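Chemist: Here is a sequence with its predicted model. Questions after.
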Amino acid sequence: MGGYGRRQLFPYSDVDLLLLFASDKTAAGLKDAISRFLQQLWDSGLRVSQSVHTPAECLELHDDNIESSVSLLDQRYLAGDAVVYSALLGKLPRFVQGQRDALVRHLSRMTRERHAASNSTFYHLEPNIKESPGGLRSRERRHNCSRHRLPLRIWRKPVIFSSRCAGICTTTPSAIPTY
């Protein structure tokens, strides 16, 4: 999921893994195997952020953990029961469309918070190309919105990059402003 699902992992980033099971009972029966698997990943030096869910649990939107719902937008199959994965994949478009207003609202809020952390500017001596406004996270959000047909708004505010880039872009199509 996330950057790992997009195959765009940053150096030293964590790897988001969704361990998907047909039922809670199946997951509970494999608890020791899951622990050993994760321990091997951690011992190899990977920073793993894991979650264990059923397809039904993945398709519930929780305000306290919206990141997991957003990260489902960038998922890919690695190994395991393809039937269980297909069950999730088959229901994901309907979930996204059914929750599109909430997802856009949360994506926008998360972006505003991220931009506020950098004082809503990319003019830093050492800019954070991942988190700063107009950075890679902003690109990911636009990509998620367009790929999943979430509503895009046109921000008519001019985007000023530098004198070298003048005239290249006057508006930024995005569900989330990227100044």
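Modeler: Here it is on my side, so go on. Just so it is clear, the structure is predicted and the values come from calculations on it, not from any experiment.
Chemist: what residues does the helix or strand residue 26 falls within touch?
Modeler: Assigned by DSSP states H and E, residue 26 belongs to helix 24-29. Under the contact criterion CB atoms under 8 Å, 6 or more residues apart in numbering, helix 24-29 has outside partners 19, 21, 34, 52, 54. Just so you know, the C-beta spots here come from the backbone N, C-alpha and C atoms, and that holds for glycine as well.
Chemist: how close does the first one get to residue 53?
Modeler: Pointing back at residue 19 there. In this view, residue 19 and residue 53 are 8 Å apart by CB to CB, to the nearest Å.
Chemist: Please point out which parts of the next helix or strand after the helix holding residue 26 sit buried.
Modeler: Where DSSP H and E defines the elements, the next helix or strand beyond helix 24-29 is helix 31-43. For helix 31-43, a neighbour-count test (16 or more other CB atoms under 10 Å) marks 34, 38 as buried.
Chemist: Now tell me what touches helix 31-43 from outside.
Modeler: So helix 31-43 is contacted by 15, 17, 19, 27, 48, 50, 52 (CB under 8 Å, 6+ apart).
Chemist: could you redo the last one with a cut-off of 10 Å?
Modeler: Under the contact criterion CB atoms under 10 Å, 6 or more residues apart in numbering, helix 31-43 has outside partners 15, 17, 19, 21, 27-28, 30, 46-48, 50, 52.
Chemist: number of nearby residues for residue 13?
Modeler: 15 (other CB atoms under 10 Å).
Chemist: for it, phi and psi?
Modeler: phi -80, psi 160 (degrees, to the nearest 10).
Chemist: surely it meets residue 47?
Modeler: Yes: in this structure, residue 13 is within contact of residue 47 by CB atoms under 10 Å, at 7.3 Å.
Chemist: Please tell me how far residue 105 sits from residue 68.
Modeler: Counting by CB to CB, the gap from residue 105 to residue 68 is 16 Å.
Chemist: more neighbours, the two?
Modeler: Neighbours were tallied for residue 105 and for residue 68 using other CB under 10 Å; the higher tally belongs to residue 68 (20 against 13).
Chemist: Could you measure from that one over to residue 97?
Modeler: Taking CB to CB, one finds residue 68 at 18 Å from residue 97.
Chemist: do residue 20 as well
Modeler: 21 Å.
Chemist: Could you check which of the two has the larger neighbour count?
Modeler: Ranked by neighbour count (other CB under 10 Å), residue 20 and residue 97 place residue 20 first, with 21 against 12.
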